[in-house]
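Visitor: fold the following for me, if possible:
(one chain, ligands or ions: 1)
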Amino acid sequence: MTLFEWDNSIALGIPVIDEQHKMLFTLVNSLNAVINREYSSEVVGEVIWKLVTYVTEHFSEEERLMLSCAYPGLSAHRTEHDTFVTRLQEIQESFISGKEVGDDVLNFLVEWLVCHIKGTDQGYSRFIHEQVRAD
Ligand SMILES: [Fe+2]
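Guide: Okay, here's the model as predicted:
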């Protein structure tokens, strides 16, 4: 079962970022799939590793984008990113030490991402679109 289906209601209108957001949900859905199909812990571990890596790269790219347009909310936004990465790393560490990834983790990932994209990411997206219009 697909955990989350990306749709235009969470699109920012910045194609490169929207594509990355789609990939984040693809990875969360992959994690859900490998857990439910009871794949080996190596496979689950690999999907978690991909998710952590991709999230980190994506956040860096968003922060570069915000920096390049002098977005005033960058610092607060970065704090949210850092907190999420820390939580993801904790999930990864507890998986490595033998704890299974359950629905609570999957729900947390989807809810955090949707809430962050619809709220915090919309903030810089609006700012960038306003700047483009003002030029
Ligand atoms: Fe963000």
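Visitor: helices and strands around the lengthiest helix in the chain, which ones?
Guide: The residue-count maximum for a helix in the chain (DSSP state H) belongs to helix 41-68. Secondary-structure packing of helix 41-68 (3 or more C-beta pairs under 8 Å, 6 or more residues apart in numbering; DSSP states H and E): helix 15-36, helix 74-96, helix 122-134. Placement of C-beta: from N, CA and C, glycine included.
Visitor: repeat that for 7 Å
Guide: helix 15-36, helix 74-96 (3 or more C-beta pairs under 7 Å, 6 or more residues apart in numbering; DSSP states H and E).
Visitor: so which of those is nearest I117?
Guide: Across these, I117 has its closest neighbour in helix 15-36 (5.9 Å, C-beta to C-beta).
Visitor: does the closest one come close to the ion?
Guide: No - judged by C-beta under 5 Å from the ion, helix 15-36 makes no contact with the ion; its nearest approach is 8.6 Å.
Visitor: no further queries at this time; thank you.
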